[in-house]
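In: the sequence and its predicted three-dimensional model are supplied below.
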Amino acid sequence: MHEYDEMALDILILGGGGAGLMAALHANARDPNLKIGIAVKGTIGQSGCTRMVQGGYNAVLDPADSLDKHFADTIQGGGYLNDQELAWSLVSDAPKLIAELERHGCYFDRTPDGRIYQKPFAGQSFDRTVNRGDLTGIEIMSRLKDSVVASGVTPLDEHRALSLLTDADGGVGGALLMDVRTGRFLAATATATLVATGGGARMYRVAAPSLEKAGDGMAMCYRAGCSMRDMEMYQFHPTGLVAGASVLTGSVLEEGLRGAGGLLTNANGERFMSRYDSERMERSTRDLVSRAGYQEIQAGRGTEDGAIFLDVSHLGADYVEQTFPGMTDRCREVGFDLAREPVKVSPTSHFHMGGARIDSSCRTNLDGLFVAGEDSGGVHGANRLGGNGVAESTVFGARAGDAMAGYVRDASRSSISVGQIEVAIDDALKPMTGNGGENIYAIRSEIEDLMWEKVGLVRDGAGMQSALDTLDGLAERHQRATVPDIREYNLAWQEWLNVDSILTVARLTAISALSRAESRGSHYRTDYPEPDESTPPYNVLMQQDGEAPKVWTEDVRLAKLQPVGIEDQSETRMRQ
């Protein structure tokens, strides 16, 4: 029998980004007597991806704009794969959440007459992106953290989630956590559990998210039996900084730079976007601009270190430094002068549009399990518009908090067996046998290279099948990897656990991508280079079924907006 601590809660929130904090605040507002805990792999409000948001938050505030316009931009940008009910929830709630954030103390940029300033972002028909300079995420997370601390919610900093705890009927009743600082385990039972840990984009060689992200939430949801959707849909941001071996390589230079008039050129000095989208050029959608940059580099028109150039120097040094101080400082840290010279950039893995299948209250197919933010799928379809990400986190975090507060009022806490806790601890301790096994860091590096080359911006069936075969071998090596037998702050152990999650999400991504025999949004296959117009748009669904997932497709329910010539047939097609 293993030693572990126990905690009983009404609501357990996994993840301390925008979705997690907003959920805690809404649940607490509904019922201040609820026992709510927030478990965070890093520290509440200081880690995660919401804090890293630079560009801004899309919301309809101008009378000349409309919810219908924002909705159409979101659906068309998503290649019509979005869950249209979720997308409508996003655009209709976003203006209300901007007002709520201001009540929490957020101060967004203003026009001279005092109105909230909204700037242009790529892929949108109206300038609707609210921002606080180019450090919008820090503004939002700092104020939300202050409010959460004042609310009396129980913080569980540096507690990573290892496994969702389920009852005899398959419902979720909490999670097994580990205190990273001490290595002690904590079985946190709860009537309602929210997964909001962020995505798995760091499984790619060049990646933008915070370093601790490993797809833990998605992996846990899948292993618990949650239905997953469109796991092939990964967004690559067009302009990730290229700075050699620096940890800043892959970090995003925000979309507002292109919205303000920034130019993209290849190593020959050509504005290459004229070859890919001559109308919108640099302000095209992220999927198109990223793929264009990648193809320029692959065609030999990039720099020797695999980059293209982003140039905003023509906008004027004073304007750039005053408007984008965070980006200017970031570039200076690696020796670049953004305000006065072109800067090397590359596409960088950024955001996972796929994830757990949810309804508009963030409920899943598992009783007691709610999912919000990047761990969920459906809001963005095949491609996310810049500025819709932080909006999604706060909108659906708020919805999850409201829904969970209502759920726990009527539900009873699940009965969790001691046996599954023991098994989960055994699994976590598996590599702690000392030295002599496979090197976990080498395995992680090989996964990142494999996914970048075979299941990245440009894909084909043979390459993805090869990647799946290689992932099987890497999974076997992962099980043979060993780490020092030390519990306290054992970073090698944490990396072994990260790779465990990454392997699960990488495999789901490759399987789902093989199942989509077309190109759409961020998913581009050279063997199927066009969308399949012979059939209505469909989602790829997955659920655990033994060693391999069950995979099937369902036609998108085109409830509000349809592509020309397509009728909503609402059929389900099974694929083996």
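Out: Cool, got the structure. Numbers count the residues shown, from 1 in each chain.
In: Gly48: neighbouring residues, count only.
Out: Residues within reach of Gly48, counting by other C-beta atoms under 10 Å, total 31. Backbone N, C-alpha and C define where each C-beta goes, glycine included.
In: contacts for stretch 277-293?
Out: The contact list for stretch 277-293, computed with C-beta atoms under 8 Å, 6 or more residues apart in numbering, reads 77, 120, 122-123, 235-238, 255, 258-259, 262-264, 271-276, 308, 345-347, 350, 382-386, 457-458, 521-522, 524.
In: can you tell me which of these are buried?
Out: The neighbour count (16 or more other C-beta atoms under 10 Å) marks 77, 120, 122-123, 235-238, 255, 258-259, 262-264, 272-273, 276, 308, 345-347, 350, 382-386, 457-458, 521-522, 524 as buried among those.
In: look up how far Gly198 lies from the residue nearest to Ser415 when sequence neighbours are not counted.
Out: Using C-beta to C-beta, 6 or more residues apart in numbering and skipping the chain neighbours, the partner closest in space to Ser415 is Asp167 (5.5 Å). For Asp167, the distance to Gly198 (C-beta to C-beta, to the nearest Å) stands at 26 Å.
In: those two: who's more crowded?
Out: For Asp167 versus Gly198, neighbours defined as other C-beta under 10 Å are more numerous around Gly198 (32 against 17).
In: ok, back up a step: of the buried ones among the contacts of stretch 277-293, which belong to strands?
Out: Secondary structure from DSSP state E places 235-238, 263-264, 308, 345-347, 350 of these in strands.
In: pLDDT wise, what is Glu158 at?
Out: Note for Glu158: predicted pLDDT of 96.
In: pretty sure it is touching Gly183, no?
Out: No: when contacts are counted by C-beta atoms under 8 Å, Glu158 is not listed as touching Gly183 (11.1 Å).
In: dump the residue contacts of the closest residue to Arg110 other than its chain neighbours.
Out: Nearest in space to Arg110, with sequence neighbours left out and distances taken as C-beta to C-beta, 6+ apart, is Tyr117 at 5.7 Å. Counting by C-beta under 8 Å, 6+ apart, Tyr117 touches 108-111, 130-131.
In: could you do His478 as well?
Out: His478 neighbours (C-beta under 8 Å, 6+ apart): 438, 440, 443, 496, 499-500, 503.
In: how about the strand or helix carrying it: buried residues?
Out: Following DSSP states H and E, one finds His478 within helix 461-480. Buried residues in helix 461-480, counting neighbours by 16+ other C-beta under 10 Å, are found at 463-464, 466-468, 470-471, 474-475, 477-478.
In: in whichever helix or strand comes after it, what's buried?
Out: Tracing the chain past helix 461-480, the next element assigned as helix or strand by DSSP H and E is helix 491-515. Neighbour counts over helix 491-515 (16+ other C-beta under 10 Å) mark 492-515 as buried.
In: what angle do helix 491-515 and helix 461-480 make?
Out: In terms of direction (axes from the mean of the first three to the mean of the last three C-alpha atoms, to 10 degrees), helix 491-515 departs from helix 461-480 by 150 degrees.
In: direction included, what does the helix or strand just after helix 491-515 pair up with?
Out: Later in the chain than helix 491-515, the nearest helix or strand by DSSP H and E is strand 538-545. Sheet pairing of strand 538-545 (DSSP bridges) gives strand 228-229 (antiparallel), strand 548-555 (antiparallel).
In: centre of the chain to the shortest one, how far?
Out: Meaning strand 228-229. Here the centre of strand 228-229 is set off from its chain's centre by 14 Å, with C-alpha atoms, centre = their mean, to the nearest Å.
In: look up how far Cys106 lies from the residue lying closest to Met52 once chain neighbours are set aside.
Out: Counting by C-beta to C-beta, 6+ apart, Gly137 is the residue found nearest to Met52 once chain neighbours are left out, at 5.5 Å. Distance, Gly137 to Cys106, using C-beta to C-beta: 11 Å.
In: who has more neighbours out of these two?
Out: Shown here are Gly137 and Cys106; by other C-beta under 10 Å, Gly137 has more neighbours (26 against 19).
In: where in the protein is pLDDT low?
Out: Within the chain, the stretches with pLDDT under 70 are 51, 565-576.
In: now do the phi/psi pair for the residue nearest to Arg110.
Out: Backbone dihedrals for Tyr117, given as degrees, to the nearest 10, come out at phi -80, psi 140.
In: same question for Ala161.
Out: phi -90, psi 130.
In: same question for Met203.
Out: The phi/psi pair for Met203 (degrees, to the nearest 10) is phi -80, psi 0.
In: offset the numbering so it begins at 27, please.
Out: Sounds good: first residue 27 from here, last item Met229.
In: surely it and Ala532 touch.
Out: Yes: taking contacts as C-beta under 8 Å, Met229 lies within contact range of Ala532: 5.2 Å.
In: which stretches in the stretch 377-526 of the chain count as helices?
Out: 414-436, 444-455, 466-480, 487-506, 517-541 (DSSP state H, counting those that start in this stretch).
In: can you list those helices in CSV and add distance to Ser236?
Out: As requested, these are exported to CSV (distance: least, C-beta to C-beta, whole Å):
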stretch, distance to Ser236
helix 414-436, 14
helix 444-455, 22
helix 466-480, 16
helix 487-506, 22
helix 517-541, 12
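In: compare the ones you listed and give me the one nearest Glu322.
Out: helix 466-480 (16.3 Å; C-beta to C-beta).
In: dump the contacts of His504 to JSON lines, plus distance to Phe350.
Out: Output for these, formatted as JSON lines (distance: C-beta to C-beta, whole Å):
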{"residue": "Glu464", "distance to Phe350": "43"}
{"residue": "Ile466", "distance to Phe350": "38"}
{"residue": "Ile469", "distance to Phe350": "38"}
{"residue": "Trp522", "distance to Phe350": "39"}
{"residue": "Val525", "distance to Phe350": "35"}
{"residue": "Asp526", "distance to Phe350": "38"}
{"residue": "Leu529", "distance to Phe350": "37"}
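In: closest one to Ala49 out of those, please.
Out: Asp526 (25.8 Å).
In: mind checking how far the nearest residue to Met379 once chain neighbours are set aside is from His376?
Out: Nearest in space to Met379, with sequence neighbours left out and distances taken as C-beta to C-beta, 6+ apart, is Met259 at 3.9 Å. Separation of Met259 from His376 (C-beta to C-beta) stands at 12 Å.
In: could you do Pro138 as well?
Out: Taking C-beta to C-beta, one finds Pro138 at 33 Å from His376.
In: also Asn565?
Out: 21 Å.
In: so of the ones in strands among the buried ones among the contacts of stretch 303-319, which two are at opposite extremes in space?
Out: Largest pairwise distance in these, by C-beta to C-beta, is 21.9 Å, between Gln261 and Leu289.
In: just to revisit the earlier point, and the strand or helix carrying the residue nearest to Met78, how far out from the chain middle?
Out: Using DSSP H and E, Gly163 falls within helix 162-177. Taking C-alpha atoms, centre = their mean, one finds the center of helix 162-177 at 20 Å from the center of the full chain.
In: pairing partners for the helix or strand following it, with directions?
Out: Toward the C-terminal end, the helix or strand that comes next after helix 162-177 (DSSP H and E) is strand 180-182. Strands that pair with strand 180-182, judged by DSSP bridges, come out as strand 62-65 (parallel).
In: from the middle of its chain, how far away would the partner strand be?
Out: When distances are taken as C-alpha atoms, centre = their mean, strand 62-65 is centred 20 Å away from the chain's centroid.
In: so what are the domain limits for the protein?
Out: 31-259+377-444, 264-375 (automatic domain parsing).
In: please work out which of those domains is packed deepest.
Out: domain 31-259+377-444 (a mean of 23; mean count of other C-beta atoms under 10 Å).
In: isn't Pro235 up against Cys75?
Out: Yes: counting by C-beta under 8 Å, Cys75 is a contact partner of Pro235 at 5.1 Å.
In: overlap of the contact sets of the two?
Out: Common neighbours of Pro235 and Cys75 (C-beta under 8 Å, 6+ apart) are 224-225.
In: all helices of the stretch 177-326 of the chain, in order?
Out: Ranges of helices in the stretch 177-326 of the chain, per DSSP H, counting those that start in this stretch, are 242-250, 282-285, 312-322.
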